[in-house]
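Student: quick one, structure for this:
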Amino acid sequence: IGTTSVIQSEQIVAALAEEGIKAELLNASPENAAREGEIIAQAGRAGIVTVATNMAGRGTDILLGGCPSTMSRIKVRSVLIDEGVINKEEAATLPPTPAEEYFPCPIN
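Tutor: Numbers count the residues shown, from 1 in each chain. This is a model prediction of the structure:
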């Protein structure tokens, strides 16, 4: 869903949430910057709703079906954090790990 402002995109995500629809938010807010590439890489997956301002993610391709390499990189990063390979200080500088339902199938 494309919007013309950060406020409008946040309002749409809130309205969708009230209806029980989870949506990824892609706008110019600093708190979204860390995950911008990951959100864009997965925007083409079936069942994923992405709300973006017109300029968010500019110059980046959206792959229909999502990007498997980005999804696997995110999962590996979360496993490395869980296993203590990446320490807490390093983990604090990384984008947040999405919930398990973010992944379309179990990745073991």
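Student: over to the residue nearest the centre of the chain. Which of the three states is it?
Tutor: Geometric centre of the chain, nearest residue: I39, 3.2 Å, by Cα atoms, centre = their mean. Under DSSP: H, G, I helix; E, B strand; the rest coil, the three-state class of I39 is helix.
Student: buried sites along stretch 38-57?
Tutor: For stretch 38-57, the neighbour count (16 or more other Cβ atoms under 10 Å) marks 38-43, 45, 50-53, 56-57 as buried. C-beta coordinates here come from the backbone N, C-alpha and C atoms, glycine included.
Student: which two among these are spaced furthest apart?
Tutor: R45 and T53 (20.2 Å; Cβ to Cβ).
Student: what packs against the lowest-mean-pLDDT helix or strand in the chain?
Tutor: Every helix and strand of the chain was ranked by mean pLDDT, DSSP states H and E. The lowest is helix 30-33, at a mean of 74. If you count contacts as 3 or more Cβ pairs under 8 Å, 6 or more residues apart in numbering; DSSP states H and E, helix 30-33 packs onto no helix or strand.
Student: give me that answer again for 10 Å
Tutor: strand 23-26 (3 or more Cβ pairs under 10 Å, 6 or more residues apart in numbering; DSSP states H and E).
Student: point out where this structure drops to low pLDDT.
Tutor: 55-66, 107-108 (pLDDT under 70).
Student: so how far is K22 from I12?
Tutor: 13 Å (Cβ to Cβ, to the nearest Å).
Student: which of the two has more neighbours?
Tutor: Per other Cβ atoms under 10 Å, whichever of I12 and K22 has more neighbours is I12, with 17 against 13.
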